[in-house]
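In: for reference, the sequence and a predicted model appear below.
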Amino acid sequence: MATSATTTPAMMPTEWRDFFALTKPRVMTLVIFTAICGVLAAPGSIHPVIGFTAILAIAMGAGGSAVLNMWWEADIDAGMKRTMSRPLPGGRMRREDARDFGIFLSAVSVGLMGLAVGWLAASLLLGAIIYYAVIYTMWLKPRTPQNIVIGGGAGAFPPLIGWVAVTGEITAMPILLFAIIFFWTPPHFWALALFVQTDYEKVGIPMLPVVAGERATRRQIMGYTVLLAPIAVAPWWIAGTSWIYGSVAVVLSALFLLLALPVFTRSRAETDAMLPEKRLFKFSIVYLFVLFAALVADRVAAYQGLIA
């Protein structure tokens, strides 16, 4: 983190869109979606207003931690092609304003969750914020090529928190939902890192392709994809879901493995297009959305008495 207050000499006017951009809305879409799935798939019921409040708190917490991530990494973002136009490196906002906005969102989200929903869910939300903003952003990311593996836990919290908001307890099912996203994160993010590794190399971030090389990264992608498959199917195996979710998980995981295979076997000499990596990255997003949607569909089918 730089000591200067801004990343560019001329400060441009700040708009509400800049504050919104700091929350990483694309990432937040996945966070909100998996949190909603956690709420809807959990056994029991929750008042719609309380459920909405829980999702709002999770969204605010995710947004707050994303803002703190951008505040801390403003100078790094300025050196990377895909991030240099963000509000801070683009000179559209003071770093102090971003920091204060992130702290405000984070604090309000935890307080709202605790007062309106429950303090166990609030504690998990606080843990997720600290995990991403401090453990991952400030400690792991600049120090170890395993940053994505360990830091993947931050993005795995939303369905767990959503489930706990309904049930008030941590059981095997929400832990499995956490594990699915945890093991999904490395192949998802390393597929991206393979075709943007020059950016990370330029700013000195020790992402796995930069430190260990492409061959090691491809092995790791395949390894985590293999581990992900049985974990994704596990909710069916423990009778937490029916064949509806189970069949979707089996098909999706098989497709994930099929797309990871050419990434694993490909040599850099073949082409510079990185098409297998891009296909895997795009499919990984679809994979998580459809898998969690199947979880909700399974719950709805059971509620309607369509399955035993």
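Out: Nice, thanks for sending it over.

In: hey, where'd the helices end up in this protein?
Out: Assigned by DSSP state H, the chain shows helices spanning 16-22, 25-41, 48-72, 74-78, 95-116, 119-130, 147-167, 172-195, 197-203, 208-211, 214-237, 243-265, 275-303.

In: now tabulate those helices in JSON lines and tack on mean neighbour count.
Out: For glycine as for every other residue, the C-beta is placed from the backbone atoms N, C-alpha and C. Shown next, in JSON lines, are the helices of the chain (neighbours: other Cβ atoms under 10 Å):
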{"stretch": "helix 16-22", "mean neighbour count": "16"}
{"stretch": "helix 25-41", "mean neighbour count": "21"}
{"stretch": "helix 48-72", "mean neighbour count": "22"}
{"stretch": "helix 74-78", "mean neighbour count": "20"}
{"stretch": "helix 95-116", "mean neighbour count": "18"}
{"stretch": "helix 119-130", "mean neighbour count": "21"}
{"stretch": "helix 147-167", "mean neighbour count": "25"}
{"stretch": "helix 172-195", "mean neighbour count": "22"}
{"stretch": "helix 197-203", "mean neighbour count": "16"}
{"stretch": "helix 208-211", "mean neighbour count": "21"}
{"stretch": "helix 214-237", "mean neighbour count": "19"}
{"stretch": "helix 243-265", "mean neighbour count": "18"}
{"stretch": "helix 275-303", "mean neighbour count": "19"}
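
In: nearest to residue 87, of the ones you listed?
Out: Proximity to residue 87 (Cβ to Cβ) singles out helix 16-22 among those, at 3.9 Å.

In: domains in the protein, as residue ranges please.
Out: With domains defined by automatic domain parsing, the chain comprises 17-169, 171-308.

In: how long is the first one end to end?
Out: Spelled out, it's domain 17-169. Start-to-end span of domain 17-169 (Cα to Cα, to the nearest Å) is 37 Å.

In: follow-up on the earlier one: worst average pLDDT in the helices of the chain?
Out: Least confidently modelled of the helices of the chain is helix 197-203, at a mean of 78 by mean pLDDT.

In: and that helix, what other elements does it pack with?
Out: Counting contacts by 3 or more Cβ pairs under 8 Å, 6 or more residues apart in numbering; DSSP states H and E, helix 197-203 is packed against helix 208-211.

In: who's in contact with the helix it packs on?
Out: Helix 208-211 has contacts (Cβ atoms under 8 Å, 6 or more residues apart in numbering) with 145-146, 148, 190, 193-194, 197, 200-201, 216-217, 220.

In: ok, for residue 224, nearest residue in space, not its chain neighbours?
Out: Closest residue in space to residue 224, ignoring its immediate chain neighbours: residue 186 at 4.3 Å, by Cβ to Cβ, 6 or more residues apart in numbering.

In: that neighbour and residue 152 touch, don't they?
Out: Yes: if you go by Cβ atoms under 8 Å, residue 186 and residue 152 touch, sitting 6.4 Å apart.

In: if we can go back for a sec, which one of the contacts of helix 208-211 is nearest to residue 75?
Out: The closest of the contacts of helix 208-211 to residue 75 turns out to be residue 200 (Cβ to Cβ; 14.1 Å).

In: the closest residue in space to the closest one that isn't next to it in sequence: how many residues sit nearby?
Out: Distance criterion Cβ to Cβ, 6+ apart; nearest residue to residue 200, sequence neighbours excluded, is residue 207 at 4.3 Å. For residue 207, the count of nearby residues is 22 (other Cβ atoms under 10 Å).

In: next one: phi and psi at residue 207?
Out: Main-chain dihedrals, residue 207, degrees, to the nearest 10: phi -70, psi 150.

In: now swap in residue 170 and tell me
Out: Dihedral angles of residue 170 (phi, psi; degrees, to the nearest 10) stand at phi -100, psi 120.

In: which one is it nearest to, not counting chain neighbours?
Out: With Cβ to Cβ, 6+ apart, the residue lying closest to residue 170 is residue 164, at 6.1 Å.

In: again with residue 179
Out: Closest to residue 179 by Cβ to Cβ, 6+ apart is residue 231, at 5.1 Å.

In: where's the residue nearest to residue 142 when sequence neighbours are not counted relative to residue 79, distance?
Out: Sequence neighbours aside, residue 205 is the residue nearest to residue 142 in space, at 6.4 Å (criterion: Cβ to Cβ, 6+ apart). Taking Cβ to Cβ, to the nearest Å as the measure, residue 205 falls 10 Å from residue 79.

In: I'm done for today, thanks for sticking with me.
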